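Chemist: Return a 3D structure for these sequence lines:
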Amino acid sequence: MATTTKTGAKTAAKSNKKSKTGKMENSEFHDFFVDELKDIYWAEKHLSKALPKMKKAATSTELAAAFEKHTEETNNHIATLEQVFQLLDEKAQGKKCDAMEGLVKEAEGVIEDTEADTMIRDAGLILAAQKVEHYEIATYGTLIVFAQNMGHTDVAELLQFTLDNEKATDVALTEIAVSSINEQAAAE
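Modeler: Okay, here's the model as predicted:
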């Protein structure tokens, strides 16, 4: 039994070895990391299709402009993730993200359940968009730590830029809500 344990430990040590570049390869953790990158890649692509619908549904021109800007940023996030896959020598492909699918459905529900051209709809759209942002912030923050732990500093730097952008979008949405939309929605 001791021999089996030693052999198993040697196999585990081999699979977690770092390459000459200091990156962990062929490890279960690396595979999990790549799988989560595929999840957020799918999520970003799905979001890029939903944001124009949210823009169209917005009453406030300021909110519509924010959704337009976020669509452009989301397309940049997709391109950044494609760079990440390339750095990892992985194919850029998505894996269905149930969380993002649900969050987008919630946004569609806001549109269906609220009256057009109202600030109540806009308040609901901001809520839905901030739920998306918080999901993305949690995901990118964790992926950065994973990348750092595996020695993927170049990947971590790319993901950090995206995380910073997601946080800025969340703040911008809060500012729009606080500056006028929530007060107007409460008055409707």
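Chemist: where are the low-confidence patches of the protein?
Modeler: 1-26 (pLDDT under 70).
Chemist: Not counting its neighbours along the chain, what's nearest the residue nearest the centre of it?
Modeler: Taking CA atoms, centre = their mean, the centroid of the chain lies closest to E136, which sits 3.3 Å from it. Nearest residue to E136 in three dimensions, chain neighbours excluded: E166, at 4.7 Å (CB to CB, 6 or more residues apart in numbering). In short, each C-beta sits where N, CA and C put it, glycine included.
Chemist: since we're on that neighbour, how many residues are nearby?
Modeler: Taking other CB atoms under 10 Å as the neighbour definition, E166 ends up with a count of 23.
Chemist: element containing it, please.
Modeler: Secondary structure assignment for E166, by DSSP states H and E: helix 153-176.
Chemist: what does that helix contact?
Modeler: Surrounding helix 153-176, the residues in contact under the criterion CB atoms under 8 Å, 6 or more residues apart in numbering are 60, 62-63, 66, 70, 73, 76-77, 80-81, 83-84, 87-88, 126, 129-130, 133-134, 136-137, 140-141, 143-144, 147-148.
Chemist: same question, stretch 45-52
Modeler: For stretch 45-52, the surrounding residues in contact (CB under 8 Å, 6+ apart) are 67-68, 70-71, 74-75, 78, 94, 97, 100-101, 104, 107-108, 132.
Chemist: do stretch 99-112 as well
Modeler: Surrounding stretch 99-112, the residues in contact under the criterion CB under 8 Å, 6+ apart are 42-43, 46-47, 50, 53-54, 57, 121, 124-125, 127-129, 131-132, 135.
Chemist: Are any of those buried, and if so which?
Modeler: 42-43, 46-47, 50, 54, 57, 121, 124-125, 128-129, 132, 135 (16 or more other CB atoms under 10 Å).
Chemist: Need the max-distance pair from those residues.
Modeler: Spanning the widest gap among these are W42 and R121, at 27.2 Å by CB to CB.
Chemist: related to what we said a few turns ago, between the helix or strand containing the residue nearest to the centre of the chain and helix 153-176, what angle do the directions make?
Modeler: Element membership for E136, per DSSP H and E: helix 119-149. In this structure, helix 119-149 runs at an angle of 160 degrees to helix 153-176, with axes from the mean of the first three to the mean of the last three CA atoms, to 10 degrees as the basis.
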